[in-house]
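Undergrad: pasting the sequence and the predicted coordinates here, then a few questions.
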Amino acid sequence: MLISKSKFIFLQLPIVFQLSAIHTIGLTSLVQGLSWISSYIVLWIPTFFILYFFGKILGFIENNYCGVVIPYLKITDF
């Protein structure tokens, strides 16, 4: 069985980067009184959409600007 301190650490690990960013920009007081469930909802939903759209933008750039153009060849051309 885990002690309560280790349970706290395991709850904190998935949102540690978001919490450190909030602390860096000085908005710690906004999330100070939130429960763990509220913290996950408030921090993970925007993070998911930001990462999703960042991936879509990178995919668009890769497909349209970084791809090697290979001309279409017929089998009879050989």
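TA: Looks like it came in fine.
Undergrad: and whichever strand or helix holds Phe53, what does it pack onto?
TA: Assessed by DSSP states H and E, Phe53 sits inside helix 36-65. Counting contacts by 3 or more Cβ pairs under 8 Å, 6 or more residues apart in numbering; DSSP states H and E, helix 36-65 is packed against helix 16-24, helix 28-31. All C-beta atoms are positioned from the backbone trio N, CA, C, and that covers glycine.
Undergrad: closest to Glu62 out of these?
TA: Taking Cβ to Cβ, helix 16-24 is the member of the helices and strands packed on helix 36-65 nearest to Glu62, at 24.9 Å.
Undergrad: helices or strands next to the closest one in the packing?
TA: helix 28-31, helix 36-65.
Undergrad: what do you get if the cut-off is 7 Å, keeping everything else the same?
TA: Counting contacts by 3 or more Cβ pairs under 7 Å, 6 or more residues apart in numbering; DSSP states H and E, helix 16-24 packs against no other helix or strand.
Undergrad: convert the C-alpha atoms of it to PDB, please.
TA: The C-alpha coordinates for helix 16-24 follow below in PDB (Å, rounded to 0.1, in the frame of the first residue of the first chain):
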ATOM      1  CA  VAL A  16       3.600  19.000 -13.400                       C
ATOM      2  CA  PHE A  17       4.600  20.900 -16.600                       C
ATOM      3  CA  GLN A  18       1.400  22.800 -16.800                       C
ATOM      4  CA  LEU A  19       1.600  23.700 -13.100                       C
ATOM      5  CA  SER A  20       5.200  24.900 -13.500                       C
ATOM      6  CA  ALA A  21       4.100  27.100 -16.400                       C
ATOM      7  CA  ILE A  22       1.200  28.600 -14.400                       C
ATOM      8  CA  HIS A  23       3.600  29.300 -11.500                       C
ATOM      9  CA  THR A  24       6.200  30.900 -13.900                       C
END
